[in-house]
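A.B. asks: sequence unavailable; structure follows:
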Ligand code: SF4
């Protein structure tokens, strides 16, 4: 039994002040409570932020502002989100189960930890759980693991679907800390493992996620989230792709593309996006972009299938986005 203190914050400022001495924020608790039950995380204090006014979804000055405590199901079903950013709704509905989506928050979705089985098993080595202990997955069972941006310390993937859509939509994360507010481009929020796999993201220990902002865009008509997984519900992605196109007739004016299930962070494919711009929206164009997207991918013993699956999922996502299927 882990002993911990519990505190309810009544303001964001109070939550930030309380974020010291191994304290952790709790909202939906859909990942943190599991990790505590399994002794993977043992915070000395939990700061419950559920009473903070951070649940709204609003459109203001050319951007959508989604509060950190907005529920995954609330965002997925929101009329404004469905109208302006259906890609986000599709990605959210591809994640977890209905019950979890009803509890999990936007901020918690971003902060969830990898589902690498070695990370969850405290009898086995894991540099992310216990820095310096080794990486069980490197020479172990690594079917679910990364093919981009790995290091010799960690090859885990980030498990979120929502974050794959948000990185493709150029979202901004607004955080609050002792020195005030900070705005982080979504692509800079999660990090690659490098020599410090214990750090999942660039949020400082005394910072709190307040909201996520999505700038207006022209991708709402032609977008698709395609997730390939071992079963059709309540499973993490083997490979997923968020694809969005701004079409002028049959030509691509601009494209957005990101992958999930392939890296320690949601993996934006900017070179492939550049290759799509100005081209006709055909399967041949999509196949060429997929080849560019996969450059630099490196497989381990059990996940070489991702090298073949990845480009096929990209092509299918783009075909769906373009209305070719
Ligand atoms: Fe731990 Fe990362 Fe290795 Fe998994 S891949 S065992 S999370 S260090």
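C.D. replies: Sure, I can see it. Worth saying up front: this structure is predicted, and the values here are computed from it rather than measured.

A.B. asks: now for the residue of the stretch 201-325 of the chain found nearest the ligand: which residues touch it?
C.D. replies: Here the residue of the stretch 201-325 of the chain nearest the ligand is residue 264; by C-beta to the nearest ligand atom that distance is 8.1 Å. Any C-beta I mention is one placed from the backbone N, CA and C, and that applies to glycine too. Residues near residue 264 by C-beta atoms under 8 Å, 6 or more residues apart in numbering: 114, 146, 149-150, 154, 156-158, 190-193, 197, 200.

A.B. asks: recalculate using a threshold of 6 Å.
C.D. replies: Contact analysis of residue 264 by C-beta atoms under 6 Å, 6 or more residues apart in numbering lists 149, 156, 158, 192-193.

A.B. asks: please apply the same query to residue 228.
C.D. replies: So residue 228 contacts 238-239, 313 (C-beta under 6 Å, 6+ apart).

A.B. asks: dump those residues into a markdown table; add secondary structure, distance to residue 291 and pLDDT as well.
C.D. replies: Converted to a markdown table, these look like this (DSSP: H, G, I helix; E, B strand; the rest coil; distance: C-beta to C-beta, whole Å; pLDDT from 0 to 100):
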| residue | secondary structure | distance to residue 291 | pLDDT |
| --- | --- | --- | --- |
| 238 | coil | 20 | 98 |
| 239 | strand | 15 | 98 |
| 313 | helix | 13 | 98 |
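
A.B. asks: need those in CSV (columns: neighbour count).
C.D. replies: Output for those, formatted as CSV (neighbours: other C-beta atoms under 10 Å):
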residue, neighbour count
238, 21
239, 26
313, 25
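
A.B. asks: the ligand contacts on the protein?
C.D. replies: The interface of the chain toward the ligand, taken as C-beta under 6 Å from any ligand atom, is made up of 114, 116, 118-119, 126-128, 135-137, 154-156, 197.

A.B. asks: who wins on neighbours among the residues you listed?
C.D. replies: residue 137 (30 neighbours; other C-beta atoms under 10 Å).
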